[in-house]
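> With the sequence up front, the predicted model follows.
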Amino acid sequence: MPTRRRATRTEPRLGQRLLFLSVLFGVLLSFPLLGVFDHETRVGGVPGLYLYILLIWVLLVGITGFLVRKSSGD
């Protein structure tokens, strides 16, 4: 019975964390921050803007996967 209580307690937290994560990445992918990286700089031959978007996307997938896997492992 305690595991059931614990599972119902963590579900709202998981939802809140995922909502916060989506808002955070929405802000990170908004125009003002994208404008910072929209220059002719290149890192290893890759434009800085593309690299920034790719890194943000990888972080989003990794953190979301970590949160979901951590909550299902309880």
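Received, thanks.

> Please, where are all the strands along the chain?
Applying DSSP state E to the chain gives strands spanning 42-43, 46-47.

> can you list these in a markdown table and add mean neighbour count, mean pLDDT and distance to L28?
Using the backbone N, CA and C atoms, a C-beta is placed for each residue, glycine as well. Rendered in a markdown table, the data for these read as follows (neighbours: other C-beta atoms under 10 Å; pLDDT from 0 to 100; distance: least, C-beta to C-beta, whole Å):
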| stretch | mean neighbour count | mean pLDDT | distance to L28 |
| --- | --- | --- | --- |
| strand 42-43 | 10 | 94 | 18 |
| strand 46-47 | 14 | 94 | 17 |
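
> Columns distance to L60 on top of those, output as JSON lines?
Below are the strands of the chain laid out as JSON lines (distance: least, C-beta to C-beta, whole Å):
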{"stretch": "strand 42-43", "distance to L60": "20"}
{"stretch": "strand 46-47", "distance to L60": "19"}
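
> what's the closest of those strands to F31?
Nearest to F31 among the strands of the chain is strand 46-47; the distance by C-beta to C-beta comes to 16.8 Å.

> mind listing what that closest one pairs with, with the direction of each?
If you go by DSSP bridges, strand 46-47 pairs up with strand 42-43 (antiparallel).

> quick one: stretch 65-72 to chain centroid distance?
Relative to its chain's centre, stretch 65-72 lies at 13 Å (C-alpha atoms, centre = their mean, to the nearest Å).

> Kindly report the same for stretch 60-73.
That offset, for stretch 60-73, works out to 10 Å (C-alpha atoms, centre = their mean).

> Return the set of buried residues in it.
For stretch 60-73, burial by neighbour count (16 or more other C-beta atoms under 10 Å) applies to 60, 71.

> I'd like the average pLDDT over it.
The pLDDT scores in stretch 60-73 average 90.

> then that stretch to CSV, C-alphas only?
C-alpha atoms of stretch 60-73 as CSV (Å, rounded to 0.1, in the frame of the first residue of the first chain):
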residue,chain,number,x,y,z
LEU,A,60,15.7,18.5,-23.7
VAL,A,61,15.5,14.9,-24.8
GLY,A,62,18.1,13.8,-22.2
ILE,A,63,16.5,15.6,-19.2
THR,A,64,13.0,14.5,-20.2
GLY,A,65,14.1,10.9,-20.5
PHE,A,66,15.9,11.1,-17.2
LEU,A,67,12.8,12.5,-15.4
VAL,A,68,10.4,10.0,-16.9
ARG,A,69,12.7,7.0,-16.3
LYS,A,70,13.4,8.1,-12.8
SER,A,71,9.7,8.4,-12.0
SER,A,72,8.9,5.0,-13.5
GLY,A,73,11.7,3.3,-11.6
